[in-house]
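K.L.:
sequence below, structure please.
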Amino acid sequence: MALKRTNVYADDEDLALIKEAAARLGVSEAELIREGIHRIALAQRVWDEPIVTDDETFDLGGPITRDDVREVMAGARGPGEPHERGHAA
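P.N.:
Numbering: from 1, shown residues only. This is a model prediction of the structure:
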């Protein structure tokens, strides 16, 4: 991948956080900034084609309830695995 140089203005607090993270991770500050730019670019991308056409649908078998999710999650845990209560569902 060819890299191009550009200038970016950033808050001092953000730059300090980047500096700390780079030192902790053992990578350059520039690498973290490039990764951030790449993630934002991908997150803001607009696709030319829809993932699902108007003719395609997904049948999930009806409404999924909170109890349905809990039942599946309870079955996914192995014996002796702790049950963690979260805020979701």
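K.L.:
confidence score at Arg5?
P.N.:
pLDDT recorded at Arg5 is 94.
K.L.:
how about Ile33?
P.N.:
Looking at Ile33, the pLDDT reads 96.
K.L.:
do Asp11 as well
P.N.:
Per-residue confidence (pLDDT) for Asp11: 97.
K.L.:
any idea how far it is from Asp59?
P.N.:
According to CB to CB, to the nearest Å, Asp11 and Asp59 sit 48 Å apart. The C-beta positions use only the backbone N, C-alpha and C, and glycine is treated the same way.
K.L.:
who has more neighbours, these two?
P.N.:
Asp11 (8 against 5; other CB atoms under 10 Å).
K.L.:
contacts only, for the more buried one.
P.N.:
The contact partners of Asp11, taken as CB atoms under 8 Å, 6 or more residues apart in numbering, number zero.
K.L.:
quick one, phi psi at it?
P.N.:
phi -70, psi 150 (degrees, to the nearest 10).
K.L.:
any idea how far Trp47 is from it?
P.N.:
32 Å.
K.L.:
one more: Arg70?
P.N.:
34 Å.
K.L.:
okay, the two: which has more neighbours?
P.N.:
Taking neighbours as other CB under 10 Å, Arg70 and Trp47 compare with Arg70 leading, 12 against 6.
K.L.:
helices or strands up against the helix or strand in which Asp14 is found?
P.N.:
According to DSSP states H and E, Asp14 maps onto helix 12-25. Packing partners of helix 12-25 (3 or more CB pairs under 8 Å, 6 or more residues apart in numbering; DSSP states H and E): helix 29-43.
K.L.:
need the next SSE after the helix it packs on, C-terminal direction.
P.N.:
Assigned by DSSP H and E, the successor of helix 29-43 is helix 66-76.
K.L.:
pLDDT on that following helix, on average?
P.N.:
On average, helix 66-76 scores 86.
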